[in-house]
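S.K.: can't give you the sequence, but here's the structure:
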């Protein structure tokens, strides 16, 4: 599938230049159509009935679990459906039995969703050590190795920083965690769907992912991936319908994993859409998506890094899908608003739910950064338009 063919499937792109994929991606027509098919023809609950439509809906959801698992090379029962990455991370932070004296190591380049849940555990007496990245937003494995000790129960890190796109050495960090006997969680929110990922090769015990970003699925979908034997060591945090096999007046019996973690009615239509999104990304091809993403990331970085007054963050050879920048002295929200009003360019501005990263980069007090983030639907012509517009704004700003 060519970029022009993908754009034909996304009406939202007709009138705007959309460069906020790191937040969410617009949903292609085939994904919407799969959801509509559910709502129009078998909109019933799953696992709750013996009639034909209930059986069909249940089977469709089982098919999605298998499809996602095959896509990332794990077993279907290793997949726990969630509504987003945040929920998946909190399942681990609240589900594992962390206690006083345990230690967790995390980087300072994380999205709030992968640092706040761990800092919260300090109330239980858990020690949290935050590893500082280098000036370009990359974690040094040797710093991690020094931080891990016999009390370290978990190391957690993002694969690609959502704030500046820096790619972390996740495989090497996984080896370090494994050698130390520590569990390892990787947040793949900014890499899944953008590049081929074999979750077994990441050396991770937990993988957390959204459906609505690189996978082009609907909002309200995501998953936690971890082996069934590890799930057995976790406590579900959302008990109720669908999580038990038996209930007495004084006790209950949990159902098997992963279903004990999926309490209540799931976002069935959304998950049906997630399955269709996996099919869609497979039709494009992740190698093609990754090659395209690298090309336009480098294109924008090179185009704006030479503009007087423009600061670009991260190393060009080690960022992917995201280019974060500022114009000296200009509030990033003002810059983003001008881009929207003058050229209909949609980019994100602010702290990107990554305040610790912004403080590390020295951009917190200036309001954060402007972040352009891409997917396969973005074209080199759109990137050129963004770069030229930034140059014009920077020139006006310096001359005023």
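M.R.: It's in. Not measured: the values here are computed from a predicted model. Numbering: from 1, shown residues only.
S.K.: show me where pLDDT drops low in the stretch 51-200 of the chain?
M.R.: The stretch 51-200 of the chain contains no residues with pLDDT under 70.
S.K.: show me where it has strands.
M.R.: With strands called from DSSP state E, counting those that start in this stretch, the stretch 51-200 of the chain shows them at 79-82, 103-107, 127-131, 152-158, 183-187.
S.K.: again with the stretch 301-400 of the chain
M.R.: All strands of the stretch 301-400 of the chain, identified by DSSP E, counting those that start in this stretch, fall at 310-312, 322-327, 345-346, 348-350, 369-373.
S.K.: picking up where we left off before, figure out which of the strands of the stretch 51-200 of the chain is closest to residue 198.
M.R.: strand 183-187 (12.3 Å; Cβ to Cβ). No exception for glycine: its C-beta is placed from N, CA and C like everyone else's.
S.K.: Distance from the closest one to the middle of the chain?
M.R.: Centroid separation between strand 183-187 and its chain, computed with Cα atoms, centre = their mean, to the nearest Å, is 13 Å.
S.K.: Between strand 103-107 and it, find me the angle.
M.R.: Orientation check (axes from the mean of the first three to the mean of the last three Cα atoms, to 10 degrees): strand 183-187 against strand 103-107 gives 30 degrees.
S.K.: helices or strands up against strand 183-187?
M.R.: Judged by 3 or more Cβ pairs under 8 Å, 6 or more residues apart in numbering; DSSP states H and E, strand 183-187 is in contact with helix 85-95, strand 152-158, helix 170-180, strand 206-210.
S.K.: Mean neighbour count and distance to residue 282 for these - can I get that in JSON lines?
M.R.: Shown next, in JSON lines, are those (neighbours: other Cβ atoms under 10 Å; distance: least, Cβ to Cβ, whole Å):
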{"stretch": "helix 85-95", "mean neighbour count": "22", "distance to residue 282": "21"}
{"stretch": "strand 152-158", "mean neighbour count": "25", "distance to residue 282": "24"}
{"stretch": "helix 170-180", "mean neighbour count": "18", "distance to residue 282": "23"}
{"stretch": "strand 206-210", "mean neighbour count": "28", "distance to residue 282": "16"}
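S.K.: Quick one: closest of the ones you listed to residue 400.
M.R.: strand 152-158 (37.8 Å).
S.K.: Which strands or helices does the closest one pack on?
M.R.: strand 103-107, helix 170-180, strand 183-187.
S.K.: Turn the strands of the stretch 51-200 of the chain into a markdown table, including distance to residue 146.
M.R.: Shown next, in a markdown table, are the strands of the stretch 51-200 of the chain (distance: least, Cβ to Cβ, whole Å):
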| stretch | distance to residue 146 |
| --- | --- |
| strand 79-82 | 33 |
| strand 103-107 | 10 |
| strand 127-131 | 9 |
| strand 152-158 | 11 |
| strand 183-187 | 17 |
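S.K.: re earlier: would you mind giving the helices and strands packed on strand 152-158 as TSV with distance to residue 126 added?
M.R.: As requested, the helices and strands packed on strand 152-158 are exported to TSV (distance: least, Cβ to Cβ, whole Å):
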stretch	distance to residue 126
strand 103-107	6
helix 170-180	17
strand 183-187	13
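S.K.: These: which one's closest to residue 330?
M.R.: Using Cβ to Cβ, the helices and strands packed on strand 152-158 put strand 103-107 closest to residue 330, at 28.6 Å.
S.K.: which secondary structure elements does the closest one contact?
M.R.: Other elements packing on strand 103-107 under the criterion 3+ Cβ pairs under 8 Å, 6+ apart are strand 127-131, strand 152-158.
S.K.: who wins for proximity to residue 76 among these?
M.R.: Evaluated with Cβ to Cβ, those place strand 152-158 nearest to residue 76, the distance being 24.5 Å.
S.K.: Note down every partner strand of the closest one and its orientation.
M.R.: Strands that pair with strand 152-158, judged by DSSP bridges, come out as strand 103-107 (parallel), strand 183-187 (parallel).
S.K.: Check which residues of the last one are buried.
M.R.: Yep, that's strand 183-187 we're talking about. By neighbour count on 16 or more other Cβ atoms under 10 Å, the buried set for strand 183-187 is 183-187.
S.K.: cool, and stretch 17-27?
M.R.: Buried positions in stretch 17-27, judged by neighbour count with 16+ other Cβ under 10 Å: 17-22, 24-27.
S.K.: Give me the contact list for that stretch.
M.R.: With contact meaning Cβ atoms under 8 Å, 6 or more residues apart in numbering, stretch 17-27 is reached by 10, 12-13, 162, 165, 190, 212-214, 216-219, 273, 277, 321-322, 343-348, 352, 371-375, 377-378, 382, 385-386.
S.K.: That stretch spans what distance, first to last residue?
M.R.: Stretch 17-27 has an end-to-end distance of 15 Å (Cα to Cα, to the nearest Å).
S.K.: Measure how far it is from the centre of its chain, please.
M.R.: That offset, for stretch 17-27, works out to 13 Å (Cα atoms, centre = their mean).
S.K.: circling back to that earlier point, include distance to residue 100 when you put the helices and strands packed on strand 103-107 into JSON lines, please.
M.R.: Shown next, in JSON lines, are the helices and strands packed on strand 103-107 (distance: least, Cβ to Cβ, whole Å):
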{"stretch": "strand 127-131", "distance to residue 100": "9"}
{"stretch": "strand 152-158", "distance to residue 100": "12"}
